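Engineer: Predicted model follows, preceded by the sequence.
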Amino acid sequence: EADIYQTPRYLVIGTGKKITLECSQTMGHDKMYWYQQDPGMELHLIHYSYGVNSTEKGDLSSESTVSRIRTEHFPLTLESARPSHTSQYLCASSASRGSEQFFGPGTRLTVL
Amino acid sequence: AQSVTQLGSHVSVSEGALVLLRCNYSSSVPPYLFWYVQYPNQGLQLLLKYTSAATLVKGINGFEAEFKKSETSFHLTKPSAHMSDAAEYFCAVSDPGGSYIPTFGRGTSLIVHP
């Protein structure tokens, strides 16, 4: 079944730790995105990719990095987590520019 | 630059009543417009989209939205609310002439009373 997956679903870590949030999709989409979501706020675009070996920063500087080595995989890495990184992180994909996005279930991150 | 305004962070209705969630946008060109729904502990799911075809768009779960260019609006409606409609609703706009990456509103939480 075509879908988009995120792991872990919940993560509690200490300040200064390095973490990677995983995102995979089985729909064959070229476009993938990472968003940060906080209650009552817009979704903020952190990073996006239009294809393998193509990554761009979004409008929110979150001190994170991404990679796109395979079409289906788009992990997000925080080199040194801080309490300000506490949030929900959503991964999404789309078939083409302008088409609807398909979202994963999200990773809720808490940094102590 | 494009922007989206969703009026009302919370909307409360009784079961069976009309649902109206408001969305106004700003865009320099005719946009693509989307409504998404988010249930607790889940990602966003597409309800419906407008991409310059019919101005009245029908979506899933009985929802529909009308694109009004003169009012720069794309309000979401449903004739009769169900308890299962309680969720967070997001309006989004993308610029076909630009990067296509959508801009999202802050969301409206729909509360349905029995």
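Structural biologist: Cool, the structure landed.

Engineer: Just the element for the spatially most central residue of chain B, please.
Structural biologist: Central residue of chain B (C-alpha atoms, centre = their mean): B:W35, 3.5 Å from the mean position. Assessed by DSSP states H and E, B:W35 sits inside strand B:32-38.

Engineer: three-state assignment of the nearest residue in space to A:L76 that is not next to it in sequence?
Structural biologist: Sequence neighbours aside, A:L21 is the residue nearest to A:L76 in space, at 4.5 Å (criterion: C-beta to C-beta, 6 or more residues apart in numbering or on different chains). Glycine gets a C-beta too; all of them are placed from N, C-alpha and C. Of the three states, A:L21 takes strand under DSSP: H, G, I helix; E, B strand; the rest coil.

Engineer: show me what contacts A:L21?
Structural biologist: A:6-8, A:11, A:75-78, A:89, A:91, A:107, A:109 (C-beta atoms under 8 Å, 6 or more residues apart in numbering or on different chains).

Engineer: re the thing from before, so how far is chain A from the residue nearest to the centre of chain B?
Structural biologist: Distance, B:W35 to chain A, using C-beta to the nearest C-beta, to the nearest Å: 10 Å.

Engineer: That residue contacts B:A87, correct?
Structural biologist: No - assessed by C-beta atoms under 8 Å, B:W35 is found out of contact with B:A87, at 11.4 Å.
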